[in-house]
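In: sequence and predicted model, in that order:
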Amino acid sequence: MSDDHSINVHGLNHWFGTGEARKQAIFDVDLKVVRGSLTVLMGPSGSGKTTVLTLMGCLRDVQEGSITLLGHELMGAGNALNEALRCRLGFIFQAHNLHGSLTALQNAQMGLQVHHLNNPKVEQQAARHALSLVGLGDRMDYLPGNLSGGQKQRVAVARALIGNPDIVFADEPTAALDKESGLNVVAMLKRLGEQRGTTTVMVTHDNRILELADRIVTLEDGRIVSDTRPV
Ligand SMILES: Nc1ncnc2c1ncn2[C@@H]1O[C@H](COP(=O)(O)OP(=O)(O)OP(=O)(O)O)[C@@H](O)[C@H]1O
């Protein structure tokens, strides 16, 4: 594998269900993702976007084919490797999943749980830095209920970025946002790619953010049907 690729998917197949209910959802997917790039996965509902994302993000076991993530093969990977790799990944979901009773600072800090630092001072410092990075330096002590939709999603981005991930996996991160807030969130991820080499893979139905993508991969019925690089 070239060092330029954070992710290398080859011959990926995936099934759900057992016995007669067993159904193939992913068919022979090949995908190499360049380090520092912003790749968007598109396609109709049920086309397999989330399945591919969760397989690449060590959130599901690889059944058939190969996924090399940051140089490590996920097929047959044990818990120890999965856990070590997850420390190098950040996740952002459509529903920001913030804890309503925790402040923005405490929510951002939650992103360090997988690192088991056990050092509240260092964790708080990192959370302050991550929130400043997403432009929420003046909202650290706010509860989610007092933040706008865009601000909440930016806290979720800070939580994903706090551990300095090599790869960010985002599943419809702009779905609940207006155009400007959505563009801001994606522009932030793109900037991180340029400045820190962070790779982003994002599932979206949101045509409004496509202008920021380095690459648009479209899935249909579990297969890649187009792969374009807008200029
Ligand atoms: N846990 C599951 N059990 C059974 N089938 C599943 C499961 N998860 C996904 N599927 C099926 O796999 C296929 C791909 O689903 P997936 O969620 O990856 O699609 P998607 O493109 O992300 O859709 P959406 O845009 O609606 O989120 C669909 O046919 C879906 O019904």
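Out: Now that the structure is in, tell me what you want to look at.
In: any part of stretch 85-97 near the ligand?
Out: No. Against the ligand, stretch 85-97 shows no contacts by CB under 6 Å from any ligand atom, the least distance being 9.0 Å. Backbone N, C-alpha and C define where each C-beta goes, glycine included.
In: endpoint to endpoint, that stretch covers what distance?
Out: Start and end residues of stretch 85-97 are separated by 22 Å (CA to CA, to the nearest Å).
In: in it, what counts as buried?
Out: When neighbours are counted by 16 or more other CB atoms under 10 Å, the buried residues of stretch 85-97 are found to be 85-86, 88-94, 96.
In: does residue 11 lie in a helix or a strand, and which?
Out: For residue 11, the enclosing helix or strand under DSSP states H and E is strand 5-16.
In: next: residue 170.
Out: strand 167-171.
In: tell me the centre residue of the protein?
Out: residue 169 (1.1 Å; CA atoms, centre = their mean).
In: show me what contacts that residue?
Out: Contacts for residue 169 were tallied using CB atoms under 8 Å, 6 or more residues apart in numbering; they are 53, 56-57, 89-92, 200-202.
In: okay, now the residue lying closest to it once chain neighbours are set aside: neighbour count?
Out: Distances taken as CB to CB, 6 or more residues apart in numbering put residue 57 closest to residue 169, at 4.4 Å, once the chain neighbours are dropped. A total of 23 residues lie near residue 57 under the criterion other CB atoms under 10 Å.
In: do you know how far residue 57 is from residue 168?
Out: Distance, residue 57 to residue 168, by CB to CB, to the nearest Å: 10 Å.
In: shared neighbours, these two?
Out: By CB under 8 Å, 6+ apart, the residues touching both residue 57 and residue 168 are 89, 91.
In: what mean pLDDT does the strand holding residue 11 have?
Out: For strand 5-16, the mean per-residue pLDDT is 97.
In: okay, angle between that strand and strand 167-171 too, please.
Out: 40 degrees (axes from the mean of the first three to the mean of the last three CA atoms, to 10 degrees).
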